[in-house]
Every structure is written in C-alpha cells, then in structure tokens.
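Q: please work out how this folds:
(one chain, ligands or ions: 3)
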Amino acid sequence: MTNHWSDLQNTDCALIMGGNPAENHPISFRWLTKAKEKGGKIVSVDPRFTRTSSKADVYASLRSGTDIAFMGGMINYALENNLIHREYVAEYTNASFIVKKDFEFNDGLFSGYDEATRKYDKTKWAFETDEEGNPKKDKTLTHPRSVFQLMRKHFSRYDVDSVIAVTGTPKEDYLKVCETFCSTSKIGKSGTIMYAMGTTQHTVGTQNVRAFGIIQLLLGNIGLPGGGINAMRGESNVQGSTDFALLYHLLPGYVGTPTAIPEHATLEGYNTKETPSGGYWSNKPKFLVSMLKAWYGPNATKANEFGYQYLPKGNKNYSHINLFNAMYKGELEGAFLFGTNPVVGGPNAGKEKEALSNLKWMVAVDLWETETSAFWQEEAGSDPSKIDTEVFLLPAASSYEKEGSVSNSSRWMQYRWKAIDPKGESLADLEIIHMLVKNLKGLYKNESSAAAKPINALYWNFGEGHHPDIDLVAREINGYDLSTGKLLKGFGDLKDDGTTSSGNWIYSGFYPEEGKNRSKNRDNKDTGGGNFLNWAYAWPANRRILYNRASADPSGKPWSDKKAVIWWDESQKKWTGNDIPDFKPTVAPADPGGTNPFIMINGGVAGVYAPTLNDGPFPEHYEPFESPVKNSFSSQEINPAVVIIEGEFNLKGDSKKYPIVGTTYRVSEHWQSGSMTRNQEWLSELAGHMYIEMSEELAKEKGIKNKDKIIVSSARGDIKAYAMVTKRFKPHMMNGKKVHQVGMPWHFGYKGYATGDTANRLTPHIGDANTTIPEYKAFLCDIRRAD
Ligand SMILES: Nc1nc2c(c(=O)[nH]1)N[C@H]1C(S)=C(S)[C@@H](COP(=O)(O)OP(=O)(O)OC[C@H]3O[C@@H](n4cnc5c(=O)[nH]c(N)nc54)[C@H](O)[C@@H]3O)O[C@H]1N2
Ligand SMILES: Nc1nc2c(c(=O)[nH]1)N[C@H]1C(S)=C(S)[C@@H](COP(=O)(O)OP(=O)(O)OC[C@H]3O[C@@H](n4cnc5c(=O)[nH]c(N)nc54)[C@H](O)[C@@H]3O)O[C@H]1N2
Ligand SMILES: [Mo]
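A: Ligands and ions are numbered 1, 2, ... in the order given. Below you'll find the predicted structure:
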C-alpha cells in the first residue's frame, strides 16, 4: 500500500476493483464506513455482485480479464473531459518527457518485438536525453512525442463504446463509474484504488496495476491522504515475507539477486550494472554490503568481496509455475514446503500433484497433514506403490504459539506475543530453521567444497541450543555500526565499506540503540490525519504515506488544506506536518531533491510511461490465455510477451468446447487452501461443500436447478460441485454475443470436515509477463448436470 488502512477514512472515493474487501479484508470496512459517514463514495467493479458491491454507491460488472479495457476507457475519459490535475501531471510525472522516434505502437504491438523469443527490445522505448543524459522535457505537454501526447493517442482507441463491447459493462454503469472516480481530480478531493487478486492473477496482471497507476497520477491522487494505490495483501505476513526475499529473484529489501550474467561475476560488476545514477537506489551498494555483513559477519571482508561469491547466481525463473514445471520434468531432487498446500492452491493442481511424485524427498512443515503432504496416499487418488518420494511431515506451531512480528498491508511491522505453548512436538518455524542450520553447520564443518563454503561462512549468532534468541534476530535486521557495536538509527547511516551491517535495509531504524523494538509500539492515539505514528513501525523510516511530498505543490504549499500531509513552513524554514516527509527533509522546496517526490525513481518523478516492463510502456488490452471472444482492440489475441509453457502441463481449452468464462475467489468462512478452516467444525458447518455460482440465465439454458450436482470441465480436468444459482452473476453482451461467466471458491480439497473437489484442477499453468503470477481469475470451462 502507498497509504494505509486507517487512512482510508480520508477518502472521497474508493474504487474497489479486483478485490472483495468486505469478505477478504473486513477491517478495511471499519475505515471505509467512516469515510462514507463523511460523504465519501464506494465504487465496486467486479464480475460478480459481491458483499463489497452490496455496500457500494456505484457497482459495475465486467467480464473477467478485461480490466485494462475498462481502465483504458477511464484514462481516455479523464483526458478527453479534462478531468486531470494538470500541474501535478506536468511537475510530478514523466508525462513531460520526450520519447525517441523509435517508439511505435501498431496493431497491439510496441516497437522492438521479436516473435521468436516473445520478447521486446526495451531500448526502443527510451527517452530523448540532453548532453548530461537527462530526459528532455516539455512541461507544456504539447510536444507530439511527449509521453502525454503519446498516452492520449494510445488511449483514444478506448472510447466508451469500444470498451463496453469488450467488458460487457452496461453503458450507464460504466459512465457512472468514470464520472464518480474522475471527480477526485478536483483540488481538495482524493480518491483511492483498492485492489488484490482480481487484478493481479492475469497474464496482464502487472499492466492492470500500471493502468491504476496512470489514472491515479492523472487525477493527482498519489501522496495524498485518502489517495494512493492500495494493494490489499493476502496472508497475514505476506508483506513481510516479500520484504524478506520470499520472491526468487530478490534479496531482502527488494535488492535483485545476482544472476549468471557476466556483469554480475563480481560485486563491483554487480554494483556498476545495478546501481542507478540518481534516486534513492543509488545507495544500493550500501544496502547489499550491509546485508552481506549481517549474513557472513567477520567472514565478510573487503578482500573476499564481503562474501558476494557465496550468493548463488542462477539464471532460471523459479517462480511458482516454473518451479513446478521443473519438478514435473524431474529437474529437482527435493523440496521443503513451509506452510503451503499446492495440491489445492496451485494452478493446474492435478498436474502439480503429479510433479511432487518426481521428487526424491519432500519435507512439509505444517499444522496439519494436508492434501500436499498426503499427495501419495490412495485417498488423494494416487497409487502409493508407484511413488518413491520420501515424505517428512514436521509439525509447526501456529501463530498463537510463538512470538515474532508480522507486517501488514500498511507496511506496519507489528510484534505479536505468544498466547499459549505449542502442542505436542510442534515447533516455531524459526526454531526449525535454527536447528537445521546448526545441524548443517555441524555436518559441513570439516569440508571445503564449493557447497560447504557458504554454510561454513554463514554467521549464525542467535544463541545455542534449540531455541534461537529472537531479540538477536531483530537486532541483526535493524543493523549495527560495527565500529561501535551500537544499533543503527536508520538506513541513512548504512555504508558500503563493511563498517555497518543490516539484514534488511528497509527495516533499519525499527530497533534503534535508544528506546526499544518499535514494532512493539502500541500507542493508539491519532497523531494527526489518522496516521498513528506511535502504533507499530512502518517501513521505511516509520513513514505512513509514501510519496507524501506530492501532497504539496512545488513550492511546498499543500494543494489544499483539506488534503495536507506535510508542508514547508516558511517561518520555521523547515518541513513539517502529520507524517515523516518522503524525501530529504532538510532542503527547501526549491533545492535539489525538494521537488522530486518520487525519490526511489531516478529523476524523481512517477512514470505514467514505464519503459522497463516486459510487455510495453503503456497497458494494452489483450484477451486472457483462454477467452471466448476475439480481441477487438488488435490482432494480438494474448499478451505477446507472456512465456508459454509448452506441453501437457499447460493444455489450452478451445472456446467451442469450453464457452464459459470461469473465475475463482475466496469466501469469508474459509482460508486459502482450507487447511486452517476445513479442519474447524464450526467453520465447516458454515460453508460445507464445494459449489459453483452461476446466473439464473445460464442455469435455465443448461437445465440446472439450485443445489443440483453438476460437473465443471476445462482442458485440464473435471470436478464435481453443487450448483448455486444466483442473481449475482449476469451474462455479458460482447459485440452482440452473449457470454456467460461462472465463479467458484478455490478452498476445497478432500481432507478435513468440509470437503469438495479442488477448483484448481481446472485452472491453467500460465502466468503474467512480468511476475508470472498464475492466471487464476479468467479461464474457459463448461458445465453440465452430473446425472
Ligand atoms: N476470508 C478470507 N480472507 C482472505 C483470504 C481467504 O482465503 N479467506 N485470503 C487472503 C489472501 S492470501 C489474499 S491474496 C486476499 C485476496 O483478496 P481478493 O483479491 O479480494 O480475493 P478474491 O476473492 O480471490 O478475488 C477478489 C474478487 O475478484 C473478482 N474478480 C475475478 N476476476 C476478475 C477480473 O478479471 N477483474 C476484476 N476487477 N475482478 C475480478 C472476484 O469475483 C472476487 O470478488 O485475501 C486475503 N483474505
Ligand atoms: N484458483 C485460485 N488459486 C489460488 C488463488 C486464487 O485466487 N485462485 N490465490 C493464490 C494466493 S493469493 C495464495 S497466497 C496462494 C496460497 O497458497 P498456499 O500458501 O499454498 O495456501 P495456504 O492454505 O495459505 O497454505 C498455508 C499452509 O500453511 C499452514 N500454516 C499455517 N500457519 C503456519 C505456520 O505458522 N507455520 C507453518 N509452517 N505452516 C503454517 C496451513 O495449515 C496451510 O496448510 O494460493 C493461490 N491459489
Ligand atoms: Mo495471497
């Protein structure tokens, strides 16, 4: 989130699209209700009329997978009706930058496309630069090759009629959404966009979010209270886990992992290649070296590049779908599954289950025996005599049985104390890792092989015995001044010469020498503007609203007093306000850095044009991997930059055989793959069986009645479920063609009290062009009665 949960109370309009927070993020509604009391509006855009939609002032339906068309139309609407904050756009975004003549867009393709590799040469999208290498600008935004004019041209194709012919949204609903949300372009108003998996789980997921970014910048909504782009995160600590390198291509604090390219062969080479000349990332070498000092301690020296060579340098994409593809092909020997149940939660789950049987060994660490750790059993539909995988199940302690911090969507690191002792032999994940490391170090201590070196070098100083000292872990994350042994004040003090350490630079400052672990802060007094600065610790630097410099004009005066966050106080000659300023606060507004509110980005302004993405600098509508209609915006059917995994892992359905759009979602009563809720009697009673939700019109066409047993099929398989016939789905009209959509929860499996077939046996094994997140939200299927 750029903003945070309690800031939602400040919004004049919340556009909730690709998320259903009333069920999945219910705390948000505490703050949205306050916003509504003050006259704020809620807009819900979802293929299904959800519990969120039922609380909205405006609801619009769309066919799954058409969000870029929907948002492209809104961008066009804002530009054509001059509903933009022009000064903000000219000063704080790259709309004024001039793009080189090499940039072109033609029939769905940007310049630089290579069909054989399905990749773009992004140098074709570069900016014109002056002698010093800075982009040339035209702040009048009239230059024909300014980003602003190219954007206007690109989105002019998204006129209302072309858009609704693709999305299937009723015209009056569509116009009402555009009008309501674009009204936040007025000075003194702010609008927020709240999204989650309905946005990201698509082959165009990243560009869906980009479209949100563009509209929010045009409306001048980023950096303001009640504004921003707010990704509602999922699992309670998923924010924390991505901050701490859950993703295969990142080290802690979003520093990219070194890869097998020649430039990354040395630390110096890596730093030269990966450090931009401007923006806050120009400090990257300080973050990386301090992290290496935390990992390898005295074994990280200038002479050995601070242990840089201990880091693995692969060149493979090991995101979820690629990892399972590699497993399926027998490329992996073993796997540790810490708290994950892919036999229910993974795309094309039937095949992911088969992939597990190609492992020699598997360790599952979980509270329960899940469909995944039991994948080899007969109950799971497997033949145990044919499976050689050796499976270990280690019992894990639940969140109430251990202490530690979780970071929520607001970037708040919040400490939680243990409520009860763990049951039986179960241990905290941290204890399991601690024992594993100690044992590995013991095993390798007399070896000097390449594999042994990083294990021997690893500095693991969290206490002896089975129980690590969690306070020492917390201090290591914050980091030390190694010359004095004192804890650091923050990431501003990090150095690249080996004299500081920090396990994760973005968290540096949460545990300063003076005072205590600030994630334990629990003062619930509103410190101004709904920011609660003394509750928990928000990274970075306890800052609550990112890019808050953009809430004031270039001279440092808030665009409006109603939406003030920080401002330049001329009498005191300093920046002041309700939040920690998001730029170098010591300088006057006119000084260098003082007017560049997007400090992470080289150049200091936000990108309405993004020449770094894999699939183009502007979002463009493409159909999902499986779609019932032809793309009416160009002759490119699917995102041209998507990597297609060939073979039986990724069978593609034909729209003649599978004419219905399918989507998957969550319900309040269940949690994820269901282990945490299907094992609870009371929750199982509330939502006891797998079901498929469909419109009355579709049920009638198929001769299906409410509660009938039906079969849902896709190119990947068949599942059984109960029919739930509702008014919440309606067929969409696309260019005169009627297209039906069905939806289903993905929480079910055969274990526990509430059982049912697994929705993911239907979903395809394909992912977004930038992140490879699977396309769980739009695929093709068909339904029929089971008898
Ligand atoms: N009760 C409960 N709460 C949860 C979870 C849970 O399992 N149970 N899981 C947590 C996790 S890990 C996550 S990631 C979050 C996810 O939170 P959400 O993203 O809110 O979860 P979903 O219900 O999967 O999807 C949201 C909505 O997207 C809609 N949708 C489907 N296709 C499209 C589309 O193409 N465009 C648009 N605009 N909308 C579409 C669906 O109809 C659905 O209402 O929830 C978290 N909260
Ligand atoms: N079709 C479809 N599929 C989806 C999605 C969708 O929208 N549609 N959403 C996707 C999303 S957003 C997500 S996040 C994934 C989630 O996919 P998974 O992470 O595989 O699903 P979970 O059920 O959250 O798995 C968590 C497991 O961790 C265990 N657990 C709970 N607490 C602890 C603990 O403290 N320690 C350990 N070691 N284990 C613990 C639980 O018992 C459970 O078995 O699913 C994805 N799959
Ligand atoms: Mo998630």
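Q: tell me how far the longest strand anywhere in the chain lies from the chain's centre.
A: In the chain, ranked by residue count with DSSP state E as the criterion, the top strand is strand 717-726. Here the centre of strand 717-726 is set off from its chain's centre by 29 Å, with C-alpha atoms, centre = their mean, to the nearest Å.
Q: what about stretch 227-244, near ligand 2?
A: Yes: Stretch 227-244 reaches ligand 2 (C-beta under 6 Å from any ligand atom) through G234, E235. (Each C-beta comes from the backbone N, C-alpha and C, glycine too.)
Q: buried ones in that stretch?
A: G227, G228, I229, N230, A231, M232, R233, N237, Q239, G240, D243, F244 (16 or more other C-beta atoms under 10 Å).
Q: and the longest strand of the chain, what's buried?
A: G717, I719, A721, Y722, A723, M724, V725, T726.
Q: neighbouring strands - and their directions - for it?
A: strand 691-695 (parallel), strand 709-714 (antiparallel) (DSSP bridges).
Q: keeping just the C-alphas, turn the longest one into PDB.
A: Going back to what we said before, that points to strand 709-714. The C-alpha atoms that make up strand 709-714 are tabulated as PDB, following Å, rounded to 0.1, in the frame of the first residue of the first chain:
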ATOM      1  CA  LYS A 709     -24.900 -31.700  -8.600                       C
ATOM      2  CA  ILE A 710     -23.000 -30.600 -11.600                       C
ATOM      3  CA  ILE A 711     -19.700 -31.300 -13.400                       C
ATOM      4  CA  VAL A 712     -17.400 -28.400 -14.400                       C
ATOM      5  CA  SER A 713     -14.800 -29.200 -17.000                       C
ATOM      6  CA  SER A 714     -11.800 -27.400 -18.500                       C
END
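Q: which of the residues in that strand are classified as buried?
A: I710, I711, V712, S713, S714.
Q: I'd like the buried residues of stretch 227-244 as JSON lines, with secondary structure, distance to K41 and pLDDT appended.
A: As requested, the buried residues of stretch 227-244 are arranged in JSON lines below (DSSP: H, G, I helix; E, B strand; the rest coil; distance: C-beta to C-beta, whole Å; pLDDT from 0 to 100):
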{"residue": "G227", "secondary structure": "coil", "distance to K41": "14", "pLDDT": "98"}
{"residue": "G228", "secondary structure": "coil", "distance to K41": "16", "pLDDT": "98"}
{"residue": "I229", "secondary structure": "strand", "distance to K41": "18", "pLDDT": "98"}
{"residue": "N230", "secondary structure": "strand", "distance to K41": "16", "pLDDT": "98"}
{"residue": "A231", "secondary structure": "strand", "distance to K41": "21", "pLDDT": "98"}
{"residue": "M232", "secondary structure": "coil", "distance to K41": "19", "pLDDT": "98"}
{"residue": "R233", "secondary structure": "coil", "distance to K41": "24", "pLDDT": "97"}
{"residue": "N237", "secondary structure": "coil", "distance to K41": "32", "pLDDT": "95"}
{"residue": "Q239", "secondary structure": "helix", "distance to K41": "27", "pLDDT": "97"}
{"residue": "G240", "secondary structure": "helix", "distance to K41": "32", "pLDDT": "97"}
{"residue": "D243", "secondary structure": "helix", "distance to K41": "33", "pLDDT": "98"}
{"residue": "F244", "secondary structure": "coil", "distance to K41": "37", "pLDDT": "97"}
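Q: closest one to S635 out of those residues, please.
A: Nearest to S635 among these: I229, at 31.5 Å, using C-beta to C-beta.
Q: and the gap between I711 and A419?
A: 44 Å (C-beta to C-beta, to the nearest Å).
Q: and stretch 72-91, what's buried?
A: 72-79, 83-85, 88-91.
Q: what do you get for stretch 437-448?
A: For stretch 437-448, by 16+ other C-beta under 10 Å, it's K438, Y444.
Q: got the contact list for it?
A: A451, A452, I455, N456, L458, W460 (C-beta atoms under 8 Å, 6 or more residues apart in numbering).
Q: what residue in the stretch 301-450 of the chain comes nearest to ligand 2?
A: G339 (2.8 Å; C-beta to the nearest ligand atom).
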